[in-house]
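Novice: sharing a model that was predicted from the sequence below.
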Amino acid sequence: MARRLGHEEGLLVGISAAAAIVASLQIAKEESLAGRAAVIVTILPDNADKYLSDRFWEDSESFSI
C-alpha cells in the first residue's frame with residue numbers, strides 16, 4: 001500500500017501510514033456491504049523518509065487491494 005500511495009496518489013508514506021489506509025479501506029468496504037453510509041477518517045502517522053532505501057519500493061508486482 002505504501003508503494004501504491006506513492007505511485008497513484010503522490011503520497012510518500014511509511015509502513016504504519018500504509019497500514020492505517022488498508023484498515024480504513026477494509027472498514028469502508030464492510031460498511032458499504034452492510035448498507036451503511038460512513039465517513040472514515042485516517043491519520044497517517046509517519047512518512048517514508050527513513051524507508052527510502054528499503055526494497056519494498058521496487059516495482060515487482062501490481063497494485064491491488
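Specialist: Here it is on my side, so go on. The shown structure was predicted, so the numbers you read here are calculated from the model rather than taken from an experiment. Numbers count the residues shown, from 1 in each chain.
Novice: in stretch 2-17, what counts as buried?
Specialist: 2, 3, 4, 5, 6, 11, 13, 14, 15, 17 (16 or more other Cβ atoms under 10 Å). For every residue, glycine as well, the C-beta is placed using N, CA and C.
Novice: could you tell me the end-to-end distance of that stretch?
Specialist: Taking Cα to Cα, to the nearest Å, the first and last residues of stretch 2-17 lie 8 Å apart.
Novice: before we move on, back to that, same list (the buried residues of stretch 2-17) but as a markdown table, adding pLDDT and secondary structure.
Specialist: As requested, those are exported to a markdown table (pLDDT from 0 to 100; DSSP: H, G, I helix; E, B strand; the rest coil):
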| residue | pLDDT | secondary structure |
| --- | --- | --- |
| 2 | 88 | helix |
| 3 | 87 | helix |
| 4 | 91 | helix |
| 5 | 91 | helix |
| 6 | 87 | helix |
| 11 | 90 | coil |
| 13 | 90 | coil |
| 14 | 87 | coil |
| 15 | 86 | helix |
| 17 | 91 | helix |
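Novice: ok, so of those, who is nearest residue 46?
Specialist: Nearest to residue 46 among the buried residues of stretch 2-17, counting by Cβ to Cβ, is residue 14 at 4.0 Å.
Novice: now do the same contact list for the closest one.
Specialist: By Cβ atoms under 8 Å, 6 or more residues apart in numbering, residue 14 lies in contact with 2, 46, 47, 48, 50, 51.
Novice: among those residues, which ones are in helices?
Specialist: In this view, the contacts of residue 14 that belong to helices under DSSP state H are residue 2.
Novice: if you rank the contacts of residue 14 by neighbours, which is first?
Specialist: residue 2 (23 neighbours; other Cβ atoms under 10 Å).
Novice: what's the neighbour count on the residue lying closest to residue 28 once chain neighbours are set aside?
Specialist: With Cβ to Cβ, 6 or more residues apart in numbering as the criterion, residue 28 has its nearest non-adjacent residue at 5.0 Å, and that residue is residue 40. Using other Cβ under 10 Å, residue 40 is surrounded by 12 other residues.
Novice: good, we can wrap up now.
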